[in-house]
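Q: got a predicted structure plus its sequence, pasted below:
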Amino acid sequence: MAARRAAAVGALVLALGGVALAVAVTVQEFPRGLFVLAAVALGAAGGWYGLLHRGALRIAGLAVAAVGFAAAIVLLVNDRLLEVAVVVAAVLLSAACARAAFGVRVRLPHVPAPQRPILVFNPRSGGGKAERFSLAREARARGIEPIELGPPWDLERLVREAVAGGADGLAMAGGDGSQAIVAGIAAELDLPYACIPAGTRNHFALDLGVDRDDVVGALEAFVDGGERRVDLAEVNGRVFVNNVSIGLYADAVQREGYRDAKIRTLLDTVPDVLGPDRAEPDLHWTGPDGAEHGGGAGILVSNNRYRLGRVVGSGTRPRIDDGRLGITVAGLPPGPWREWTARTFDVGARHPVHAGIDGEAATLEPPLRFEIHKRVLRVRIAPAHPGASPSALLPDSFSGTASALLRIAGGRDQVTRISTTEET
């Protein structure tokens, strides 16, 4: 508790100090601040124009962006470089302290260890993490049978054969697409499941509360770990643990060479999806108002809601057991995106739809039917790991965050429960 209070005090002091210094510099340098804003706006407009076009037009747009941002930097630097650096550092340190103040570690209910658990590992995932961390040897040392995934790369068949042979606990070391397959089987058969963070980014592990830096330690989930129940979502009967994207990202994933040059492929895809010569999107869906809509640069449907556009905790899911799909449609007025939650979501189209399912390319036959199944997956978490998302205790609003930090700093933090199955 003392560490959380110190972190909360640090976050508040740094934030107030940074804001006060920024206001003082702005007042003293008026009207230079207006010119800085104009230069930034010019740079942003030029950069956006460049992304939407190719060839000479892209070069021209990016050149304008470079000039605009360079002008903003020159105007800022002048004789105020130290003050600007202090403001930036204060903001970054305040965010880091806030993350520490809202950090969580839960005590999950202890359950008996499975008698014949297995670990399926993909030797290619995460640049070869399974071999680098000697996962097979470490699993055997804990009474877990390791099974290497290889040709013909039929993960579902491999797992079902292991279950038929007596496996009573399923662990997967691989990317989130592989995690979804094993998690789906575990939920179907009501078997305990463990997520071993041996993929590249391990987004599912992060939101489950698995320490992504402790690959070997995650195996302790099947030794003396606690258990929590979480949701799984599906689209047209296919399980996903994170999200399904339609639009810009989904089109990029489909292209040859995406895995070897992701940024370049995304940039090449932008003009086709958002540029002036783009084809009208062949999608229609029902919004939270019950009205039929179409268009948008992209649609993201997630297994529970993501925090988006926040300084702290952005890109994570505070909960993964809420029984609600997170739905985000980008590129529609009045803002950069619209988001809401629902138990089901339907997308119609006249042609097959390109999609990215947990980061893997897929083509789906319309209509697309998204559903969520509440708390169907029995997840085991190692006792040394957090056991909940890093944003589990973060309020959604800026005012709520400030109020919560004040309560923690004053020793009046009243948060006692994350969900009905987890305790702080």
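A: Received it, and whenever you're ready, just let me know what you need.

Q: now the element after the biggest helix by length in the chain, going C-ward?
A: Secondary structure of the chain per DSSP state H: the longest helix is helix 2-28. Following helix 2-28 in sequence order, the next helix or strand is helix 32-52 (DSSP states H and E).

Q: the helix or strand following that following helix: how far from the chain's middle?
A: Once helix 32-52 ends, the next helix or strand along the chain (criterion: DSSP H and E) is helix 55-77. Taking Cα atoms, centre = their mean, to the nearest Å, one finds helix 55-77 lying 31 Å from the centre of the chain it belongs to.

Q: can you check stretch 381-401 too?
A: The answer for stretch 381-401 is 13 Å, by Cα atoms, centre = their mean.

Q: low-scoring stretches of this protein, by residue?
A: For the chain, the stretches flagged by pLDDT under 70 are 1, 29, 48-49, 51-54, 76-81, 248-281, 295-297, 309-313, 331-335, 413-424.

Q: got a list of contacts for stretch 86-105?
A: Residues outside stretch 86-105 that contact it (Cβ atoms under 8 Å, 6 or more residues apart in numbering) are 3-5, 7-8, 10-12, 14-15, 17-18, 21-22, 25, 311-313, 386-388, 390-394, 401, 404-405, 408, 418, 424. Every C-beta, even on glycine, is put in place using the N, C-alpha and C of the backbone.

Q: off-centre distance for it?
A: The answer for stretch 86-105 is 19 Å, by Cα atoms, centre = their mean.

Q: same check, this time on stretch 363-374
A: 20 Å.

Q: go on, stretch 293-304?
A: How far stretch 293-304 lies from its chain's middle: 15 Å, per Cα atoms, centre = their mean.

Q: end to end, how far does that stretch reach?
A: Stretch 293-304 has an end-to-end distance of 22 Å (criterion: Cα to Cα, to the nearest Å).

Q: buried sites along the longest helix of the chain?
A: 4-5, 7-12, 14-15, 18, 22, 25 (16 or more other Cβ atoms under 10 Å).

Q: which elements pack onto that helix?
A: For helix 2-28, the packing partners by 3 or more Cβ pairs under 8 Å, 6 or more residues apart in numbering; DSSP states H and E come out as helix 81-101, helix 398-409.

Q: in space, what's closest to residue 191 - neighbours in sequence excluded?
A: Distances taken as Cβ to Cβ, 6 or more residues apart in numbering place residue 170 nearest to residue 191, at 5.6 Å, with adjacent residues excluded.

Q: measure that neighbour to residue 114 for me?
A: Residue 170 is 9 Å from residue 114, where distance means Cβ to Cβ, to the nearest Å.

Q: who has more neighbours out of these two?
A: Just comparing residue 170 and residue 114: by other Cβ atoms under 10 Å the higher neighbour count belongs to residue 170, 25 against 21.

Q: these two touch, right, that one and residue 159?
A: Yes: if you go by Cβ atoms under 8 Å, residue 170 and residue 159 touch, sitting 6.3 Å apart.

Q: shared neighbours, the two?
A: 118, 120, 182, 185.

Q: if we can go back for a sec, and for residue 170 and residue 114, which residues touch both?
A: In contact with both residue 170 and residue 114: 191-192, using Cβ under 8 Å, 6+ apart.

Q: what is the distance between stretch 348-365 and the centre of its chain?
A: On Cα atoms, centre = their mean, the centre of stretch 348-365 falls 20 Å from the chain's centre.

Q: quick one: the helices in this structure, in order.
A: 2-28, 32-52, 55-77, 81-101, 129-132, 135-141, 155-164, 176-189, 203-208, 221-224, 248-254, 262-274, 398-409.

Q: in the last one, which residues are buried?
A: Residues 401-402, 404-405, 408-409 are the ones in helix 398-409 that count as buried (16+ other Cβ under 10 Å).

Q: got it, and the third one?
A: Residues of helix 55-77 classed as buried by neighbour count (16+ other Cβ under 10 Å): 58, 61-62, 64-65, 68-69, 71-73, 75-76.

Q: alpha carbons of stretch 131-147, as CSV, please.
A: Provided in CSV are the C-alpha atoms of stretch 131-147 (Å, rounded to 0.1, in the frame of the first residue of the first chain):
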residue,chain,number,x,y,z
GLU,A,131,13.9,-23.2,-27.7
ARG,A,132,15.6,-20.1,-26.2
PHE,A,133,13.8,-20.7,-22.9
SER,A,134,14.1,-24.6,-23.1
LEU,A,135,10.3,-24.8,-22.6
ALA,A,136,10.2,-28.6,-23.3
ARG,A,137,12.7,-29.3,-20.6
GLU,A,138,11.2,-26.9,-18.1
ALA,A,139,7.7,-28.4,-18.7
ARG,A,140,8.9,-32.0,-18.1
ALA,A,141,10.5,-30.8,-14.8
ARG,A,142,7.0,-29.7,-13.7
GLY,A,143,5.2,-32.8,-14.8
ILE,A,144,3.8,-31.3,-17.9
GLU,A,145,4.1,-33.3,-21.2
PRO,A,146,5.6,-31.1,-24.0
ILE,A,147,4.2,-31.6,-27.5
